[in-house]
Structures are given as C-alpha cells and as structure tokens.
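Peer 1: Turn this into a model:
(2 chains)
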2 protein chains.
Amino acid sequence: MGLRLEPIEGLPDIDESHSIGALIGRKLGESEWELTEDDVIVIAQKVVSKAEGATVKLNEVEPTPLAERYAPEVGKSPEMVQAILDHSRRVIKMKPGAIIAETPHGFVCANAGLDTSNVKQDGTALGLPEDPDASAERISSAIESETGTAPAVIVADTWGRPWREGQVNFAIGVHGMEPLVDHRGTTDVHGQELEETMVAAADELAGAAELVMGKTREVPAVLVRGAEIGSGSGSAKTLIRPEDRDYFR
Amino acid sequence: MGLRLEPIEGLPDIDESHSIGALIGRKLGESEWELTEDDVIVIAQKVVSKAEGATVKLNEVEPTPLAERYAPEVGKSPEMVQAILDHSRRVIKMKPGAIIAETPHGFVCANAGLDTSNVKQDGTALGLPEDPDASAERISSAIESETGTAPAVIVADTWGRPWREGQVNFAIGVHGMEPLVDHRGTTDVHGQELEETMVAAADELAGAAELVMGKTREVPAVLVRGAEIGSGSGSAKTLIRPEDRDYFR
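Peer 2: Down below sits the predicted model:
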C-alpha cells in the first residue's frame, strides 16, 4: 500500500560513452530489488543530457544585438543569453537575473532549461534532451535488455515555479506510465463526485525522487515502488497546460 | 538512505468532535512503526478543516452585486462566489470556470481554497484552516501526547498550477521541519557551486504523500520516513514567493 523510494547508487560520472539505462540495469541486477513493470525509475535530466551530448560550446555562439544588450541586465554573458534564445520557442519574461522561456518542447522554465553550472569549468552549458519521452523510452529498453523487465521511466528536471519559493522536480520525459491520473467520474467516500479531477502523478513522482537525490546530490537515479502508474504510456507533453485552459494566465 | 511512505489507515470520518492528532497518534501507537522526530506526518487539509469546523454555510451568505453578476460566468452560485470573495485578500484572475485568488494567508489558488464538493450534499463549503502552521503544531503536540514523540507535520492541499496540467499537493502548514532546503554554498561532485539553491522540500513531501493518499482517496494521513527535514521549524509561509522575486510574473 505504501511507497518506497531507493537511490540507485554507485553510478559513474556520466558522459557520451555511457548508456544510462544499461548502467542502471546492471546496478538493479546486482541489488536486492527484483525489478517489476510497476516500478518507476526517475532519472535526473542532467545525466540524460550528458549521455546524449546535449551540450552547447559557448565560445562557438555568436551573440545577436539583443543578447549583447540584454546580457548585463540578466547577469550572464552575451553568448549565454544567445544560447538561451537559441533554445527557446518563445520568451515569456526577461527580468533582472532570469529569462523565463518556453522551450521547443513547450516547457516553461528559467533559461530555457539550460544549465550553466559547468560554464566556468569548461565553457559549456547543458541543454535539455531533444526528445525527453524518447530518452525515457530508450532508457527503459536498455534496462529491459539488462534485467528482462521494462520499468516506467521519468526524466526529471529541477525548476522554479510561479507564486512559490523553492524549486521542485518536474517530469519532462515519461515512458511506460500515465503522467496524469484521471479521477474524473470517481466518487469519494460519501458518494460525491470528486472535484479534483486530474492529478499530475509524474510530477509528484519526480518531486518525491528529488528528496532522495537531493540528500547527497550524487544520486541521479531513484527506484520508486508502489505508485499507481496506470496501464498506458503517456507523453510528458500531456503535462503542459495550453494557454486557453490556464486559469492563472 | 531511501524514503518510505506509509498510509495511516483506519481513521474515522473526521468532524469537529475529533482531535486528528490524537487519532493519528493512537494509530501509530498500534502500528509497527516506532515513531521518531525525523518522521513527517502529511495530513490532507480537508480533514484538518473539518476538525476545525472551517465550514461556510452558503445559505447564510449574502451575495454582493459583483458576485451576482459574475456567478453565471464562473458556473457557481452567487453565494459561492461571494464566499470565495469573502475568503480572499486579492483576486488574481476571474476566468470562465474559475476564480484564482490570494487567500489571507498569502496562498494563490483556485476559489481561495474553498472546497465545494460538499455543497450539493449539505449546502456547505469547506475553507482552509485559519492558521495552518498552528494546525500542524497542534497535531504534532497531540501525536506527542499519545506516543511521546513529536513528529514534523505538513498540512497539504491539492491545487492546480500555472503552465502545468494536473493538480499536485502543496504544503500549506508546516511544523517541526524546514520547508525549504538550502543548498546555497554547497558544491556538487565536481566542486562547482550548485546553481539550484533552494528546494521546496515540504511541497515535494506533500506531493509524494498525495501519491499514497490518492490511491484509495480514503487515506487522509501518511507517514514519511527518511526525508531530510533540517533542524529548525519553519513556516509554510516561507514557501510563498513575493512578487518582486517572482520571475514568472
């Protein structure tokens, strides 16, 4: 009845030479966990992007006049601002300290999801996977090759949110589960129809896994057992709310 | 190292005659779980509000002209619209089907947090607890009276979100833990300072617990073991982002 989350420990530093799915599959094979198809593996976007080589060499970026002008206000280099614009479909807000942008996938987040924590180290920024659902599917297949079982997979990224302090993990890629649990038409214990109709289970699973990843910051993958994952395989894009249904906008 | 979430089952239908904390404390005392101060109890707002009698009798509400005029557009009764306005500090958006409002606590959510799922049944709407942090503290104390141990407590409500489909649980009351985990100044495995600085752990815990509550819709309380909860006791109000720091607005 409950939920268990276990860190998948001992993974190496991920780069393009690695198959994350194969590495995780091997670790799971060595573990006490008998993997099932009802299990969910949550993986940090950062390692998925690294394995896919989704990096931007900033010294190869040519800033446009907009990037040159806006760079001082946002506190980033013109090349970094340009890289953010190059990874955007739409700019939502440009405010001192941040650019909120919609990515080509349709996700709305700071810096179009570009992670700059490696910029000082080697001059590269890390982008989002091109197709995070496909990344999740590939990882599930690679785990299946190692273990004989294809778990559900969530690729999770850490974002800020409107109205709320602090960042939480969001599901940006999903395979083997329904990202939204539909309670429409079901009734509560009093026979009343439930007003809350759809729960973003994949986002809640991503956030729960962050609590396990966050404790050491060295665990990029977490096994979740006991979640209600549905029988289908939906896309993380179903978690993107169209503007005409967004009451907050 | 991992995280475990267990439903606290067998609680009665909560009303004003009940102390939720005492009921939970007794259930925990009977269980195999040896409660510790590092455990977190997540409780659904609905039962906290019911125990506190935070109900609105809609037939006693006098609609103002604004409520009369807006009611047809939002698909609610004038009395319900008025009750929402009466529980608001500020209206954020009025759109067909929804009123997004800021509550006196500072939370931004649909219908100022008023739950109308009982309206047809008995003509009442359920409001938020007046001071959810104080509710969490009282529940922790009542659990301590029963078990000798005061766990951290989160009061959680289920809300929609800007930009994203589906609802998730948010922490609206907190006691005995730090709602935000501060990673500022810590470094990652490469010695790089982490760009993501603050994690809304209480929101992630609330969301994780929803995955356990949601499976049956009959479990209003969940025990979480293994979370990093810090050494202090912060308020859920620290999770409210002031407008001048909100890059999305």
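
Peer 1: where does residue A:208 land in three-state SS?
Peer 2: Look at residue A:208: counting by DSSP: H, G, I helix; E, B strand; the rest coil, its state is helix.

Peer 1: what's the neighbour count on the residue nearest to it when sequence neighbours are not counted?
Peer 2: Closest residue to residue A:208 apart from its sequence neighbours, by CB to CB, 6 or more residues apart in numbering or on different chains: residue B:208 at 3.5 Å. Yep, even glycine has a C-beta here, placed from its N, CA and C like the rest. Residues lying near residue B:208 (other CB atoms under 10 Å in any protein chain shown) number 31.

Peer 1: cool, the one 5 residues further on as well?
Peer 2: A count of nearby residues for residue B:213, using other CB under 10 Å, gives 24.

Peer 1: Correct me if wrong: it contacts residue B:219.
Peer 2: Yes - assessed by CB atoms under 8 Å, residue B:213 is found in contact with residue B:219 at 5.1 Å.

Peer 1: quick one: the residue nearest to residue A:208 and residue B:226 touch, right?
Peer 2: No - between residue B:208 and residue B:226 there is no contact under CB under 8 Å: 10.9 Å.

Peer 1: Between the two, which contacts overlap?
Peer 2: residue B:3 (CB atoms under 8 Å, 6 or more residues apart in numbering or on different chains).

Peer 1: Which strands or helices does the longest helix seen in chain A pack on?
Peer 2: In chain A, assigned by DSSP state H, the helix with the most residues is helix A:132-147. Counting contacts by 3 or more CB pairs under 8 Å, 6 or more residues apart in numbering or on different chains; DSSP states H and E, helix A:132-147 packs against helix A:20-30, strand A:40-44, helix A:45-51, strand A:152-159, strand A:168-175.

Peer 1: What's the mean pLDDT across it?
Peer 2: Mean pLDDT, computed over helix A:132-147, is 98.

Peer 1: ok, and for it, which residues are buried?
Peer 2: A:132-133, A:135-144, A:146-147 (16 or more other CB atoms under 10 Å in any protein chain shown).

Peer 1: circling back: may I see the helices and strands packed on helix A:132-147 arranged in JSON lines, with distance to chain B as well?
Peer 2: Below are these laid out as JSON lines (distance: least, CB to the nearest CB, whole Å):
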{"stretch": "helix A:20-30", "distance to chain B": "14"}
{"stretch": "strand A:40-44", "distance to chain B": "10"}
{"stretch": "helix A:45-51", "distance to chain B": "9"}
{"stretch": "strand A:152-159", "distance to chain B": "5"}
{"stretch": "strand A:168-175", "distance to chain B": "5"}
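
Peer 1: okay if I get the ones you listed as TSV plus distance to residue B:100?
Peer 2: Listed next are those as TSV, based on distance: least, CB to CB, whole Å:
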stretch	distance to residue B:100
helix A:20-30	39
strand A:40-44	30
helix A:45-51	29
strand A:152-159	20
strand A:168-175	20
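
Peer 1: Make CSV from these and add mean neighbour count to it.
Peer 2: Formatted as CSV, the helices and strands packed on helix A:132-147 follow (neighbours: other CB atoms under 10 Å in any protein chain shown):
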stretch, mean neighbour count
helix A:20-30, 21
strand A:40-44, 27
helix A:45-51, 24
strand A:152-159, 27
strand A:168-175, 28
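
Peer 1: so which of the ones you listed comes closest to residue B:63?
Peer 2: Smallest distance to residue B:63 across those (CB to CB): 37.8 Å, for strand A:168-175.

Peer 1: Report the helix or strand with the lowest average pLDDT across chain A.
Peer 2: Lowest by mean pLDDT, DSSP states H and E among the helices and strands of chain A is helix A:119-122, with a mean of 75.

Peer 1: Contacts made by whatever helix or strand comes next after it with the rest, please.
Peer 2: Remark: after helix A:119-122, the chain's next helix or strand is strand A:124-126, criterion DSSP states H and E. Applying CB under 8 Å, 6+ apart, the contact partners of strand A:124-126 are A:46, A:49-50, A:54-58, A:80, A:83, A:114-119.

Peer 1: can you rerun that using 10 Å?
Peer 2: With CB atoms under 10 Å, 6 or more residues apart in numbering or on different chains as the contact definition, strand A:124-126 has outside contacts at A:45-47, A:49-50, A:53-61, A:76, A:79-80, A:83-84, A:87, A:111, A:113-119.

Peer 1: Which strand residues bridge the most centrally placed residue in chain A?
Peer 2: What sits nearest the mean C-alpha location of chain A, by CA atoms, centre = their mean, is residue A:156, with 2.3 Å. Residue A:156 has the following beta-bridge partners by DSSP bridges: residue A:44, residue A:171.

Peer 1: now it: how far from residue A:4?
Peer 2: 18 Å (CB to CB, to the nearest Å).

Peer 1: Same question for residue A:204.
Peer 2: For residue A:204, the distance to residue A:4 - CB to CB - is 15 Å.

Peer 1: Between these two, which is the more surrounded one?
Peer 2: Each of residue A:204 and residue A:4 has its neighbours counted (other CB under 10 Å); residue A:204 has more, 28 against 17.

Peer 1: Touching, the more buried one and residue B:210? I think so.
Peer 2: Yes - Residue A:204 is within contact range of residue B:210, at 5.7 Å (criterion: CB atoms under 10 Å).

Peer 1: Find the residues that touch each one of the two.
Peer 2: Jointly contacting residue A:204 and residue B:210 under the rule CB under 10 Å, 6+ apart are A:181, B:167-169.

Peer 1: Can you tell me which of those lies closest to residue B:16?
Peer 2: The shortest approach to residue B:16 among the shared contacts of residue A:204 and residue B:210 belongs to residue B:169, at 23.9 Å (CB to CB).

Peer 1: quick one: residue A:23 and residue A:146 touch, right?
Peer 2: Yes - at 8.8 Å, residue A:23 counts as touching residue A:146 under the criterion of CB under 10 Å.

Peer 1: Show me where chain A dips below the pLDDT cut-off.
Peer 2: Low-confidence segments of chain A (pLDDT under 70): A:118-119, A:184-196, A:215-217.

Peer 1: rerun at 80
Peer 2: When residues are selected by pLDDT under 80, those of chain A lie in A:1, A:116-121, A:183-197, A:215-218.

Peer 1: which residue sits closest to residue A:232, ignoring its sequence neighbours?
Peer 2: Among residues not flanking residue A:232 along the chain, residue A:178 sits closest, at 5.1 Å (CB to CB, 6+ apart).

Peer 1: Let me fix that, I meant to ask about residue A:143.
Peer 2: Using CB to CB, 6+ apart, the nearest residue to residue A:143 is residue A:25, at 4.1 Å.

Peer 1: about what we covered before: run the chain-centre distance for the least confident helix or strand of chain A.
Peer 2: Centre-to-centre, helix A:119-122 and its host chain are 23 Å apart (CA atoms, centre = their mean, to the nearest Å).

Peer 1: For residue A:237, grab the count of nearby residues.
Peer 2: Counted with other CB under 10 Å, residues neighbouring residue A:237 total 16.

Peer 1: need the contact list for it.
Peer 2: Neighbours of residue A:237 in contact, by CB under 10 Å, 6+ apart: A:105-107, A:132-133, A:172-174, A:179, B:165.

Peer 1: With residue A:151 instead?
Peer 2: For residue A:151, the contacting residues are A:21, A:24-25, A:28, A:35-41, A:139-140, A:143-144, A:175-177, A:223-225, A:229, by CB under 10 Å, 6+ apart.
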